[in-house]
Structures are given as structure tokens and as C-alpha cells.
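> I'd like to go over a predicted model; first the sequence, then the structure.
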Amino acid sequence: MSTERAAGGSNYEYVIARVRSRRAALFDDDDYRKLVRMGPGEIARFMEESEYESEMNALGARHSGVDLIEYALNRNVAKHFDDLLQWADGRLYDYVARYIRKFDVWNVKTIIRGLYTGTDATGVETDLIRAGEFDDAFLDQLLNAGSIEELVELLEPTRFGDLLADAYAVYEDEGVLVPLENALDRAFYEELLTGLSGEQSRAMELYVEFLSAEVDFRNLRNAFRLARSGSDLDPSEYYIDGGKLFDEDEIRQLARSRDQLVEFVRSSKYGEDLEVGLDSLETADSLIEFEQALDAALLEYSGQLSNRYPLSICPVLAYVLAKEREVDNIRAIARGREGGLSTEDIENELVVL
Amino acid sequence: MIDTFTAVLTALGPVLQDGGAQTIEQAPAIPPQAAAALAVGLAAFGAGYAERGIGAAAVGAIAEDDDMFGRGLILTVLPETLVILALVVVFIAG
């Protein structure tokens, strides 16, 4: 499918005009300020009058409360990202599709967890985000898999097949889902930056620059978590190839000591963007704030790149990131309100630029 | 760079003029009116290429928001001014 679409030129102008318009329609600071003070019912009503109207109406009869919000968010994300794939042609399609495969990973993970806990297929189905490259028929097939083994077999011909089959052996020995989920994540991130056609173009450079920043941040997050927990897990096991910040050996050394890691990040090219987060990490020893700073820095970096190179893949990926953030934020607000968190606590959870 | 370029031009100038003087009896390969027509055609080609990108972006914007129709239309036809300016050549050469 992708090879067929990838023939011919890219239509950056069209896609980016639409993406920019949609990005402008995302919730802004004011909307969040209002949302944080609302209860789940009010949030649902607020969403009904916004971008999410059609999803809220479609799902309103079947679900209610926070579940309704969550399913509406999932459906909306799927709709928008499917649209992206529909608009894009040529190389642009290829770049977008590679990134959107993130949702294939999400869906497979959800199904695995569903099978692990013995949830029935309809329950799992509502949690799927039907974006990504797997089509509906294949997803339904996956949903109806009777066991994890069957699922792994079904996924054999896909790009996740090999790594997943290896991880399944470990899963059978240990009985925990971690190896399977790690295998999926690694398959996704490694596919992102490897196997790109050898083409030397500006678009390719930008794509690589953008994604290596994301891979770097993901590695950073893992390294900090390991350094904090002080566990003796081998950090290189979780290392994702393709980043520019550090290689496998460096991370193995750095993950032993948090101070060294902080120093290392401070002197890297992301140092300036992450300064606030690093400071709070040193003083308050709070990983949450640092991770939020990472998210915000990535979002800001993506915004910068998309302003600097308006006719490239960057605005599209920046939109995808911003949309994901919005969904995470709304979900955090809704769940936070439901759980009775205070307004300040919820605000701390949000990543807003 | 520019120096050498002008040096070459000043050296070539008389030669070209001489050549022109010798073949003054023959009709030029491209008569002035045909050259003007070519100029307009090329300008239109350029305008068309410029409009391709702008038009694609404009349609994208209109698809998201109907109010953009007027603005999109104006921006799309802006490169048309190229062709109008190129038409001046027709009156000069014709």
C-alpha cells in the first residue's frame, strides 16, 4: 500500500495548509484554564461544543462520564491521523505512515494487555485507536485472537513479527508483559530511522533531525528513570538506536549516576531547552517535572522546526505531537477531576506551551 | 566574478554587432513579435507553476475553513500579475 502511494510527488502545500489550520484549532491556554475547573460532565459538554462534537454525539448514547471523554478522544485522534494519511502523497505519505505506526504499537499492546487480563474483545475494542497502518479487518482479526500466542502468530508477517517472536519466548519463561511491550516499542523506533531510502534530500534530513530528537528524549527518559530507581538493570537493553545524543556505551556509564547524567544533558544541544526541568530535578528530586519538561521541550523544538522549514515534514509531525499532547492533557484533566485531585495538582500534570 | 563577466561581454559586444551587420539582409531567426509571444508564454508558465503551490495550499485552507475562500482566491491569482506585466513586452516589441 505504501509503495503505491509513495510513487509520485509530495503535496506538502496542501497537507501543511490543512495541518496548520487544525493545529490552530487545538485547545489553548484559556481553554485549559477553564477545563481544569470543570467536572467530568462539564468537560463533556465543553467538548461537545468544540472540535470533538461529532465523536461526543456518536458515543454519547453508549458511554458516559470520563469513559465517554476518553473514547471520544481516541476516536477523534484516529480520525485526524487517518485524514493525514489520506491527504499525503508521495514521500510525505511514507514519512507520515512511518510515524503513525505508533498507533499500531498502541493497539497491539492494548490487545495483549486485554488478553493477559482476560477482558472480552468488545471491551478492548473501545480502547483501540484506529489510526495507524493496520486496517480495520486486520485489527478485528487481532482482536479475536484467543491467546497471546495466537496474536504473535498473526503478527508474524508484519514488521513486528521477528522481535515479537523472540520476546514471546522470554514471556513464556517469566510470565510478565514487559519483554513483549519492549519488543514492540523497539521495533517501532528502530523502524522509524532505519531502512529509509538512501535518498539525500532536505526533507529526509529534517525527518531524521526531528525523529532523532524524539528518540534522544525517549532514551533520556529511560536513563533518568533507571538512574533514579538505582536498579542494576542493564540500560543498554532499553536503549533505542537512532538518537544523536549518546550511544549505547555512554548510556551504560551515565545511567549509574544521576549527577553525571544531568551534567551531560546540560552541556548537550538540548541543554538550554531543558534547563528548567534539570534544575527542578536537581533541587526537588522530582522526575515528573523533568519528564514534563522533556515533553514541553520536544513540543517547542518541533514548533521551532516547523516554523523554520514550513514546507517540510516538520509541521505535520509537530501537529501529530501537539494533538497527542492535547489528548493526554484532556485525559489527565478528566481523570484528575474524577479522582478528586486539586486544581494545582492537575495543572502540574499538564504540558502546555 | 562579475568583473570577468563584464570583460567577456565587452569583448564579445563588437563581434556580435559585426555579425549582426553582416547578416543584416537576412530575416532574424525569431521575429520581434514571435519573441514577445514567447516572453508572454514563458511568463504564463512561471505564473502557472507559482499558482500550483499556492492553489494547493489555498484549497487545503478552504477545506478546513470556508471563510478562507476569498483570501485563498486572491492569493492564488496573485502570480497572474506576472503575465500582465509580460504583456507590456507585446506592446513594446509589436
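Looks like it arrived, so ask away. As the structure is a computational prediction, the values presented were derived from the model and not from experiment.

> Quick check: pLDDT value at the residue of chain A found nearest chain B.
Closest to chain B within chain A is residue A:17: 3.2 Å, counting by Cβ to the nearest Cβ. Heads up, the C-betas are built off the backbone N, CA and C, glycines and all. Here, the pLDDT recorded for residue A:17 equals 92.

> Correct me if wrong: it contacts residue B:65.
No. Contact criterion Cβ atoms under 8 Å: residue A:17 and residue B:65 do not qualify, at 10.1 Å.

> List the residue ranges of the stretch 251-353 of chain A that fall below the pLDDT cut-off.
A:284-286, A:353 (pLDDT under 70).

> Now do the helices in it.
Residue ranges of the helices in the stretch 251-353 of chain A, as given by DSSP state H, counting those that start in this stretch, are A:258-266, A:275-284, A:287-308, A:314-338, A:343-349.

> just the ones you listed: most buried one?
By mean neighbour count, with neighbours taken as mean count of other Cβ atoms under 10 Å in any protein chain shown, helix A:314-338 ranks first of the helices of the stretch 251-353 of chain A at a mean of 21.

> and that helix, what other elements does it pack with?
helix A:12-24, helix A:29-36, helix A:40-48, helix A:65-87, helix A:90-100, helix A:202-229, helix A:287-308, helix A:343-349 (3 or more Cβ pairs under 8 Å, 6 or more residues apart in numbering or on different chains; DSSP states H and E).

> Include distance to residue A:153 when you put these into a markdown table, please.
Shown next, in a markdown table, are the helices and strands packed on helix A:314-338 (distance: least, Cβ to Cβ, whole Å):
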| stretch | distance to residue A:153 |
| --- | --- |
| helix A:12-24 | 37 |
| helix A:29-36 | 44 |
| helix A:40-48 | 40 |
| helix A:65-87 | 26 |
| helix A:90-100 | 24 |
| helix A:202-229 | 29 |
| helix A:287-308 | 36 |
| helix A:343-349 | 39 |
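
> neighbours around residue A:62, how many?
10 (other Cβ atoms under 10 Å in any protein chain shown).

> repeat for residue A:273
The local packing of residue A:273 (other Cβ under 10 Å) involves 18 other residues.

> residue contacts, it?
A:297, A:300, A:301 (Cβ atoms under 8 Å, 6 or more residues apart in numbering or on different chains).

> ok, residue A:142 touching residue A:134?
Yes. Using Cβ under 8 Å, residue A:142 is in contact with residue A:134, at 7.5 Å.

> tell me, what's touching these two both at once?
residue A:107.

> Give me the more crowded residue out of these two.
Of the pair residue A:142 and residue A:134, residue A:142 is the one with more neighbours under other Cβ under 10 Å, namely 24 against 20.

> Residue A:74 reaches residue A:128, doesn't it?
Yes. With contact defined as Cβ under 8 Å, residue A:74 reaches residue A:128; the gap is 7.4 Å.

> returning to that earlier point: residue A:17 and residue B:65: which has the busier surroundings?
Using other Cβ under 10 Å, the more surrounded residue of residue A:17 and residue B:65 is residue A:17, with 24 against 14.

> residue contacts, that one?
Residues counted as contacts of residue A:17 (Cβ under 8 Å, 6+ apart) are B:56, B:57, B:58, B:59, B:60, B:61, B:64.

> likewise residue A:314?
Residues in contact with residue A:314, defined by Cβ under 8 Å, 6+ apart, are A:206, A:210, A:302, A:305, A:306, A:308.

> tell me which residues in the host helix or strand of residue A:151 are buried?
Using DSSP states H and E, the element containing residue A:151 is helix A:148-154. Buried residues in helix A:148-154, defined by neighbour count with 16 or more other Cβ atoms under 10 Å in any protein chain shown: A:148, A:151, A:152, A:154.

> Look up how far residue A:283 lies from the residue nearest to residue A:287 when sequence neighbours are not counted.
Counting by Cβ to Cβ, 6 or more residues apart in numbering or on different chains, residue A:287 lies nearest to residue A:228, which is 5.7 Å off, once chain neighbours are set aside. Distance from residue A:228 to residue A:283, counting by Cβ to Cβ, to the nearest Å: 15 Å.

> could you say what helices and strands the helix holding residue A:151 packs with?
Contact here means 3+ Cβ pairs under 8 Å, 6+ apart; on that basis helix A:148-154 packs against helix A:102-117, helix A:136-143, helix A:161-174.

> ok, for the residue of chain A closest to chain B, nearest residue in space, not its chain neighbours?
In space, residue A:17 is closest to residue B:60, 3.2 Å off (Cβ to Cβ, 6+ apart).

> go on, residue A:244?
residue A:212 (4.8 Å).

> residue contacts, the one you found?
Contacts of residue A:212 (Cβ under 8 Å, 6+ apart): A:193, A:242, A:243, A:244.

> quick one: the residue nearest to residue A:17 from residue A:312, how far?
16 Å.

> One more: residue A:294?
Following Cβ to Cβ, the distance that separates residue A:294 from residue A:312 is 23 Å.

> So which residues on chain A come close to chain B?
A:11, A:13, A:14, A:15, A:16, A:17, A:18, A:21, A:22, A:87 (Cβ under 8 Å from any Cβ of the partner chain).

> do that again at 7 Å, thanks
Contact residues (Cβ under 7 Å from any Cβ of the partner chain) of chain A with chain B: A:11, A:13, A:14, A:15, A:17, A:18, A:21, A:22.

> between those residues, which is nearest residue B:86?
Distances from the residues of chain A next to chain B to residue B:86 were compared by Cβ to Cβ; the smallest belongs to residue A:13, at 24.3 Å.

> remind me, longest helix of chain B?
In chain B, with assignment by DSSP state H, the single longest helix is helix B:32-64.

> If you count contacts, what does it end up packed against?
When contacts are defined as 3 or more Cβ pairs under 7 Å, 6 or more residues apart in numbering or on different chains; DSSP states H and E, helix B:32-64 sits against helix A:12-24, helix B:69-77, helix B:80-93.

> and among the ones you listed, the most buried is which?
Counting by mean count of other Cβ under 10 Å, the most buried of the helices and strands packed on helix B:32-64 turns out to be helix A:12-24, with a mean of 21.

> any idea of the angle that one forms with helix A:314-338?
Counting by axes from the mean of the first three to the mean of the last three Cα atoms, to 10 degrees, helix A:12-24 points 20 degrees away from the direction of helix A:314-338.

> State the distance from residue A:163 to residue A:181.
11 Å.

> and if you look at residue A:194?
Where residue A:181 is concerned, residue A:194 sits at a distance of 20 Å (Cβ to Cβ).

> Please export the C-alpha coordinates of stretch A:35-54 as PDB.
Extracted as PDB, the C-alpha positions of stretch A:35-54 are listed here (Å, rounded to 0.1, in the frame of the first residue of the first chain):
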ATOM      1  CA  LEU A  35     -11.200  22.800  31.700                       C
ATOM      2  CA  VAL A  36      -9.200  22.400  34.900                       C
ATOM      3  CA  ARG A  37     -12.000  24.000  36.900                       C
ATOM      4  CA  MET A  38     -14.800  21.800  35.400                       C
ATOM      5  CA  GLY A  39     -16.200  18.400  36.500                       C
ATOM      6  CA  PRO A  40     -16.300  15.500  34.100                       C
ATOM      7  CA  GLY A  41     -19.900  16.400  33.000                       C
ATOM      8  CA  GLU A  42     -18.900  19.900  32.200                       C
ATOM      9  CA  ILE A  43     -15.800  18.800  30.300                       C
ATOM     10  CA  ALA A  44     -18.000  16.600  28.200                       C
ATOM     11  CA  ARG A  45     -20.300  19.400  27.500                       C
ATOM     12  CA  PHE A  46     -17.400  21.700  26.700                       C
ATOM     13  CA  MET A  47     -16.100  19.100  24.300                       C
ATOM     14  CA  GLU A  48     -19.400  18.800  22.600                       C
ATOM     15  CA  GLU A  49     -19.200  22.400  21.600                       C
ATOM     16  CA  SER A  50     -15.700  22.100  20.200                       C
ATOM     17  CA  GLU A  51     -13.800  20.000  17.700                       C
ATOM     18  CA  TYR A  52     -15.000  16.800  19.300                       C
ATOM     19  CA  GLU A  53     -18.700  17.400  18.600                       C
ATOM     20  CA  SER A  54     -19.300  14.500  16.200                       C
END
